[in-house]
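Got a predicted structure here, sequence first:
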Amino acid sequence: MKVSEVSKDYKFWRRINVFITSLFKDYNLNSYKNSIILHAAGVDTIIPIAYWTYQYSWFNYKSYFLYENVDSELTVTELHDHIKTSDLPHKDKLISTISEKHIAIIKSIHSANVRHDDPHGGNILTDIKYADIQNINVCDIENAKFTLIDNDRCTKTRLMIKPLKLFFDIKCLTKFNLKDIPHTEILKKYLGEGYNSIWSKIFIFWMSGGFSIKKRIYYTLNIKHLYQ
């Protein structure tokens with residue numbers, strides 16, 4: 001269950017930012033609604049159960065989002081990092097298979113006419129156990145269950161022509177954070193035969209801050225956690 005509390009582990013300015021934005025948008029409600037949409041569309045995501053709020057005062061309330069427990073020891077990012085540092089043979093093939101599964105989830109989100117906005121490997125859980133990594137093979141990864149979480153920043157896709165929709169969908173791919181996989185390979189896995197070098201330029205446009213002048217300044221100064 002997720003509760004709309006500002007974590008004490010956040011840095012001061014992030015706590016302020018989260019508090020202010022939460023006054024205007026209930027992220028638990030957004031996560032609940034979009035989890036219903038994604039699950040109904042066949043996306044492997046958390047299964048919503050209930051949502052409710054408790055009002056303390058006019059500006060002070062908590063919201064609660066209850067969903068089915070996901071049995072997981074590893075995120076996709078953690079699985080990738082453990083394989084990367086292991087002595088397993090054919091590590092590149094294993095990592096490539098992980099990336100294909102990861103990108104397949106992003107494609108399924110977009111096919112449901114939703115953008116997740118933060119589909120990085122830390123927001124995708126896997127049912128692969130840590131103890132099984134030492135003997136893992138490609139088939140194990142292909143048959144593993146990958147579950148999308150943290151749907152609080154999802155937005156519905158507006159009705160638009162396919163190239164324009166794809167232009168905005170590619171922004172999600174900039175959150176793909178498995179190391180050592182070039183963005184051209186990410187795009188080729190995502191677009192298939194529809195890949196064109198123009199999409200690489202669009203990827204770089206979003207990666208460097210998109211339409212946000214502030215994020216473009218952060219990108220120029222290489223303050224990664226602020227522009228991504």
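Happy to help now that I have it.

which residues in this structure form helices?
12-24, 27-40, 76-84, 91-111, 138-143, 162-173, 183-191, 197-207, 213-220, 224-227 (DSSP state H).

Quick one: list the elements packing against the fourth one.
Packed against helix 91-111 by the contact rule (3 or more Cβ pairs under 8 Å, 6 or more residues apart in numbering; DSSP states H and E) you find helix 76-84, helix 138-143, strand 146-148, helix 162-173, helix 183-191. To be clear about C-beta, it is placed using only N, CA and C from the backbone, and glycine gets the same treatment.

Serialize those to JSON lines and add fields for mean pLDDT, distance to Met207 and mean neighbour count.
Shown next, in JSON lines, are those (pLDDT from 0 to 100; distance: least, Cβ to Cβ, whole Å; neighbours: other Cβ atoms under 10 Å):
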{"stretch": "helix 76-84", "mean pLDDT": "95", "distance to Met207": "18", "mean neighbour count": "20"}
{"stretch": "helix 138-143", "mean pLDDT": "96", "distance to Met207": "27", "mean neighbour count": "13"}
{"stretch": "strand 146-148", "mean pLDDT": "97", "distance to Met207": "22", "mean neighbour count": "22"}
{"stretch": "helix 162-173", "mean pLDDT": "95", "distance to Met207": "9", "mean neighbour count": "16"}
{"stretch": "helix 183-191", "mean pLDDT": "95", "distance to Met207": "7", "mean neighbour count": "18"}
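
Compare the ones you listed and give me the one nearest Ser63.
strand 146-148 (20.4 Å; Cβ to Cβ).

what about the helices and strands packed on helix 91-111, which gets the closest to Ser212?
Closest approach to Ser212 among the helices and strands packed on helix 91-111 (Cβ to Cβ): helix 162-173, 11.0 Å.

quick check: angle from the closest one to helix 91-111?
Interaxial angle, helix 162-173 versus helix 91-111 (axes from the mean of the first three to the mean of the last three Cα atoms, to 10 degrees): 130 degrees.

Show the secondary-structure elements that helix 162-173 is packed against.
So helix 162-173, by 3+ Cβ pairs under 8 Å, 6+ apart, packs with helix 91-111, strand 114-115, helix 183-191, helix 197-207.

Most tightly packed of those?
Mean neighbour count (mean count of other Cβ atoms under 10 Å) peaks for strand 114-115 among these, with a mean of 22.

quick one: strands adjacent to it?
Sheet pairing for strand 114-115, assigned by DSSP bridges, gives strand 155-156 (antiparallel).

What's the mean pLDDT across the strand it pairs with?
The average of the pLDDT scores along strand 155-156 is 92.

any low-confidence regions in the chain?
Scanning the chain for pLDDT under 70 picks out the ranges 5-24, 57-60, 223-228.

can you list the domains in it?
As given by automatic domain parsing, the domain ranges for the chain are 2-67, 74-227.

How many residues are close by His90?
As a burial measure, His90 scores 11 neighbours (other Cβ atoms under 10 Å).

would you list the helices and strands packed on helix 162-173 in JSON lines and tack on distance to Asp71?
Listed next are the helices and strands packed on helix 162-173 as JSON lines, based on distance: least, Cβ to Cβ, whole Å:
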{"stretch": "helix 91-111", "distance to Asp71": "18"}
{"stretch": "strand 114-115", "distance to Asp71": "25"}
{"stretch": "helix 183-191", "distance to Asp71": "27"}
{"stretch": "helix 197-207", "distance to Asp71": "34"}
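
Figure out which of those is closest to Thr45.
helix 91-111 (8.4 Å).
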